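Asks: missing the sequence, but the structure's below:
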């Protein structure tokens, strides 16, 4: 941590800070510039415990210089981590593809979507059983019955199940039916939920909150990892900005930023970012070109009758076309589908 | 709902929509403008069930025209609602003031803060027992022991307790010790939590999410009210924008907007918005001048040693000065403290 | 400036930086923390000229610690500056009030508005002669004829004229007719315009850009002041955020932030922030309560027929009511109208 | 336009609107829904002139349904437009590549950069002669001498010149030396400048403002086109959001949105979006994969000594590597470099 002193602070102020640091077993390195004095704190700042330096006389501000996540950092695992779900590896040369309907509506609907996904080479099936919806009067999902439908369909087609979990007391049941637990954007800072999935060993797909910085997202991953579950895959799904032409603004830059700062695999959700089917493929290709490790795409056998987020779901035929285009771009950047 | 047809759509497209609406028991009102055709849907759009009109041939877009919340709306209760906590009324002529430390650290600390708050006329004590923190390595609060400390101090001083709840399985214990349950910004769309507090009759202080629109916030209130608990107080605490001079950007306009659209009382949290003690009083005064029904302010007996959010906590003396200034502004707008 | 070295940088990297600083006449103060090395640069960093330290081997990042504006800073003029226009002082105990129609439409319209404003004690008349409009097909203002109308009306009523200037080659004509030149939000970083008004001695009303940080705004003021014109008044008029309930989000916190960092007076434009007449008064009161030095309010004799921004203009009667309420709040915070 | 009436408005209110529309030669189509009445306006709403319907009794709000730009729209030119600069076509199968230093610093520097760009197949040289800078004390560019240097270097290498223009009175001189005029993000709504470049026939590179919606950007293009200059190329260069890991947030979705709504070519500026050299290539690839018609990239012979924006400039070697990768991705999406 660096302590920037106020212009015109007294020597007494500076001495006070240095003495306080010493009392807590920390060193101080003074740097008296032409315009301001800076004190570099030497040692583990955790030793300061409950002392708040920013309120000491003469202090302008304190600048933390270390990131708050460790296990999720690139420094900790420079070679990067991989996460394997049903034989699909996230973080390897081959891209990981997840697809399926936004919401589970019936076994027929899930089966039709899954067959289309499988025909395009997919081995991971997504589907929402619990749907967090803005209004209490909107369709909330089939809940546990949704999990069971996903499992039956996936078993029939030899696929893995990825589904959202919205509360920590669903973990046991979700673990029974799912191969990967999704934490949605709204729950990215539901710390209780993060800790509890961290105590399981199930792979976790951690979506970025719509107004979360990349640093906060990696801190959220750290919550899971700090409990012992290192099987975390990050998912960029668009952030909230002033632009309304798309449902959210896909922050494609998050891909290279995450790859630089973190050891965790990162995939893209072009469907929620776009909010409109015709933008899904361009965004998917952009994500892969930027270096993402995979995609999660909403596919519905008949989007016109979908019960949620219909505008952004692809038909199975459109999805198959998307996979062909993704294959070409993947090859161009040294990856494969 | 209004359906805007694409420029150049065919008569067949229009007929298709009208027929489909009729099949679902809905009327259609065609408006053929010089540049586009618009179809007004007559009747309750819920009858459409799983049909997604936006994917019908010829449709450009669908514009919902009704708000999704009903119980929380001003139309439903034009005279406005009040919520009473420990004899303090939110939504009346008198402002409701909540104050206390960011986090409960010890009984001595809470007592010192509470005495300062009480000396300024305060009857509601806040304090964080469960602290949602961005990093898993930061102080997470004293948890249930924190609730108990708040209760003992409040009982000794004849005050009410307002404290945050972060998970639905804490409701029973929180209800035992608290007079008002706070839902924090990160949990504003934790729908499970909203529903469960809706099943209690405890007053709820619902903070706005940092990237939530006012409409989403009112939808969140609707989740609570739709379960039967109408004792909801809204709290504006700053939204996330590009500006970094303050911790968040206080959206003071939310006060008149909420008062126009909703029947619920709304208060201001100047401490989390500001992130810096010297801005707290100006923001508090701004909120009251704009018509807020009260304030929630962080007060610490010795901010310099606070374990969380120290920079934004007021001393008890500063808080007493704030209350004096608030009184003057309140009188200017026809309210009182 | 502080240089943060990469974790694991070599001694050679550090020596390279220190040597380079020395070559440019600068000192270096090394701070070797438990986790990273920090180099404090001693001396005037301008000596570095064209050297970019961030690209040196081993450098993680450089953190500037000094603000880039000087003349506009509070440090330079701790007692604050005042700007006087037609006898009205911005920055004194008395609030400065500017009001008038959004756009000049006719002499009758301006006269009617101005009489209403004057009846409420106003001495400064606003009106748009040049209107920057998003679409080329929208009404663009009466241009120079608009300035002349404002002047005639103001002279008749013994008022001052405040009007927008959108290009540097209008300065001469604008100076002839106006007492204060307004730089609109879209031109806040039109540096050519800033410099040229800086070469006049006309008071300038500098609106904040809709996506400009407070620091950028003060840098823009510095452009004007660096040319010798210190008569700058800042105007907060709302920033662009994700919220759409209001036209912009009034950043009321900007008032205390500007007062802390800058010596310049700051006023509030509640009309453009609100975008809706019914929110104008609450926002005006909030701004004054937060410490603003005045207001600029849109008033139209008949808003229903206004040619631009009609929804946000007050009638003269509403404006007079606003002034009464502002007087009460002003008194509560030690100011007067 | 659609007029949404307030719930509970009177028949008299509705009749008033209908009569007013008729008086202005417009038709009205009433749609009386179960919850609200909607009036569709039939005819050209321009006939309303100065009437503001939103202030009529009983009106809740007015929803415009037509876009405000026409010449820039896709509908007007479904096949899309191309713009040719020095033989390079924007909007064709082949990508258009612009590269060169952020700022012109000397003829040697520009020559070295240009040779590197040319070696990578580049035929369009960029360089800033006029640099809009946040602080008045930062390097402001070599101005007209910068244009002359660019021209001499470009002539020597048979390249075209793309350079920024910051004021309308520079157009003549800029037209003499440049082949394409760049309007920077800060000037995207400098309407005077837009109109004046619209009166020349020089190709224009119109950058998106950092807080401008796509609709506002297309309106800005319309300003240029409405004066007769159809040679407009759009450039997405990142928008301002809450995320600070990158200088701006590249809105890659803008590419498919623009392609759908507008007939104009659109390119990507990965350098300003990223703000950091290591993110430039991933963002460039993302843009091309999403369907952009080209790139503008900052290249400096020795970024370490660059006078502005050094952190984001590529070396000529890195640029050549970027072009190779772009070629591969371009081929994957049916384009070529």
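Replies: Alright, I've got the coordinates. Note that the structure is predicted; figures quoted are calculated from it, not measured.

Asks: element containing the closest residue in space to residue A:131 that isn't next to it in sequence, please.
Replies: The shortest distance from residue A:131 to any residue other than its chain neighbours is 3.8 Å, reached at residue A:141 (Cβ to Cβ, 6 or more residues apart in numbering or on different chains). The way it works is simple: take the backbone N, C-alpha and C, and place the C-beta from them, glycine included. Applying DSSP states H and E as the criterion places residue A:141 outside every helix and strand.

Asks: what of the one 5 residues further on?
Replies: With elements delineated by DSSP H and E, residue A:146 resides in helix A:144-157, which encompasses its position.

Asks: and that helix, what other elements does it pack with?
Replies: Contact partners of helix A:144-157 among helices and strands, from 3 or more Cβ pairs under 8 Å, 6 or more residues apart in numbering or on different chains; DSSP states H and E: helix A:107-119, strand A:124-126, strand A:160-164, helix A:171-177.

Asks: now those in a markdown table, with mean pLDDT, mean neighbour count and distance to chain D?
Replies: What follows is the helices and strands packed on helix A:144-157, written out as a markdown table (pLDDT from 0 to 100; neighbours: other Cβ atoms under 10 Å in any protein chain shown; distance: least, Cβ to the nearest Cβ, whole Å):
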| stretch | mean pLDDT | mean neighbour count | distance to chain D |
| --- | --- | --- | --- |
| helix A:107-119 | 97 | 20 | 22 |
| strand A:124-126 | 98 | 27 | 21 |
| strand A:160-164 | 98 | 25 | 24 |
| helix A:171-177 | 96 | 16 | 31 |
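
Asks: in TSV: the ones you listed, plus distance to residue C:196.
Replies: Formatted as TSV, the entries for those read as follows, by distance: least, Cβ to Cβ, whole Å:
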stretch	distance to residue C:196
helix A:107-119	62
strand A:124-126	58
strand A:160-164	57
helix A:171-177	65
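
Asks: any stretches of chain A with poor pLDDT?
Replies: Scanning chain A for pLDDT under 70 picks out the ranges A:33-36, A:46, A:49-50, A:64-66, A:308.

Asks: distance from the chain centre to stretch A:259-278, please.
Replies: Stretch A:259-278 sits 8 Å away from the centroid of its parent chain (Cα atoms, centre = their mean, to the nearest Å).

Asks: circling back: run the chain-centre distance for the helix holding residue A:146.
Replies: Computed by Cα atoms, centre = their mean, the separation of helix A:144-157 from the middle of its chain amounts to 25 Å.

Asks: then stretch A:217-232?
Replies: 10 Å.

Asks: quick one: buried residues of it?
Replies: Residues of stretch A:217-232 classed as buried under the neighbour-count rule (16 or more other Cβ atoms under 10 Å in any protein chain shown) are A:217-227, A:229-232.

Asks: now, which of the residues you listed sits nearest residue B:271?
Replies: Using Cβ to Cβ, residue A:219 is the member of those that sits closest to residue B:271, with 22.1 Å.

Asks: correct me, but the closest one touches residue B:138?
Replies: No - with contact defined as Cβ atoms under 8 Å, residue A:219 does not count as touching residue B:138 (9.3 Å).

Asks: name the residues contacting each of those two.
Replies: residue A:68 (Cβ atoms under 8 Å, 6 or more residues apart in numbering or on different chains).

Asks: before we move on, the earlier item: wait, what's in contact with the residue nearest to residue A:131?
Replies: Applying Cβ under 8 Å, 6+ apart, one finds that residue A:141 lies in contact with A:103, A:104, A:128, A:129, A:130, A:131.

Asks: count of residues packed around the fifth one?
Replies: Neighbourhood size, residue A:130 [other Cβ atoms under 10 Å in any protein chain shown]: 25.

Asks: so it: helix, strand or coil?
Replies: When the structure is reduced to helix, strand and coil (DSSP: H, G, I helix; E, B strand; the rest coil), residue A:130 reads as coil.

Asks: OK, contacts around it?
Replies: If a contact means Cβ under 8 Å, 6+ apart, then residue A:130 has A:140, A:141, A:143, A:146, A:163, A:164, A:165, A:166, A:167, A:170 as its contacts.

Asks: any chance of a ChimeraX selection covering the buried ones in those?
Replies: One line in ChimeraX is enough to select the buried members of the contacts of residue A:130, burial here meaning 16+ other Cβ under 10 Å:
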select /A:140,141,146,163,164,165,166,167,170
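
Asks: now distance to residue D:274 too, for the contacts of residue A:130, in a markdown table please.
Replies: What follows is those, written out as a markdown table (distance: Cβ to Cβ, whole Å):
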| residue | distance to residue D:274 |
| --- | --- |
| A:140 | 40 |
| A:141 | 39 |
| A:143 | 43 |
| A:146 | 41 |
| A:163 | 35 |
| A:164 | 32 |
| A:165 | 35 |
| A:166 | 35 |
| A:167 | 38 |
| A:170 | 40 |
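
Asks: which one of the contacts of residue A:130 sits closest to chain B?
Replies: Of all these, chain B sits closest to residue A:167, with 4.6 Å by Cβ to the nearest Cβ.

Asks: with adjacent residues omitted, what lies nearest to that closest one?
Replies: Taking Cβ to Cβ, 6+ apart, and ignoring the residues beside it in sequence, residue A:167 has residue B:192 as its nearest neighbour in space, at 4.6 Å.

Asks: that neighbour reaches residue B:171, doesn't it?
Replies: No - Residue B:192 lies out of contact with residue B:171 (Cβ under 8 Å); the separation is 10.9 Å.

Asks: now the strands for the stretch 201-337 of chain A?
Replies: The residue ranges that make up the strands of the stretch 201-337 of chain A, judged by DSSP state E, counting those that start in this stretch, are A:204-207, A:232-236, A:266-268, A:294-298.

Asks: around chain B, pick out the residues from the stretch 51-200 of chain A.
Replies: Proximity of the stretch 51-200 of chain A to chain B (Cβ under 8 Å from any Cβ of the partner chain) is limited to residues A:51-52, A:54-56, A:68-69, A:105, A:132-138, A:166-169, A:186-187, A:189-192, A:195.

Asks: now, those that are in helices?
Replies: With helices taken from DSSP state H, the overlap with those comprises A:191, A:192, A:195.

Asks: chain D versus the residue in the stretch 1-150 of chain A that chain B sits nearest to, what's the distance?
Replies: Nearest residue of the stretch 1-150 of chain A to chain B: residue A:52, at 3.6 Å (Cβ to the nearest Cβ). Relative to chain D, residue A:52 is positioned 24 Å away (criterion: Cβ to the nearest Cβ, to the nearest Å).

Asks: and what of residue A:153?
Replies: Using Cβ to the nearest Cβ, which is the criterion applied here, residue A:153 is 32 Å from chain D.

Asks: what of residue A:132?
Replies: When Cβ to the nearest Cβ is the yardstick, residue A:132 and chain D sit 22 Å from each other.

Asks: coming back round to it: now do the helix holding residue A:146 against helix A:107-119, angle only.
Replies: Compare the direction of helix A:144-157 with that of helix A:107-119 by axes from the mean of the first three to the mean of the last three Cα atoms, to 10 degrees and you get 40 degrees.

Asks: and the angle for helix A:144-157 with strand A:160-164?
Replies: For the pair helix A:144-157 and strand A:160-164, the angle between their directions (the same axes, to 10 degrees) equals 160 degrees.

Asks: could you list the buried residues of helix A:144-157?
Replies: Residues of helix A:144-157 classed as buried by neighbour count (16+ other Cβ under 10 Å): A:146, A:147, A:148, A:149, A:150, A:151, A:153, A:154.
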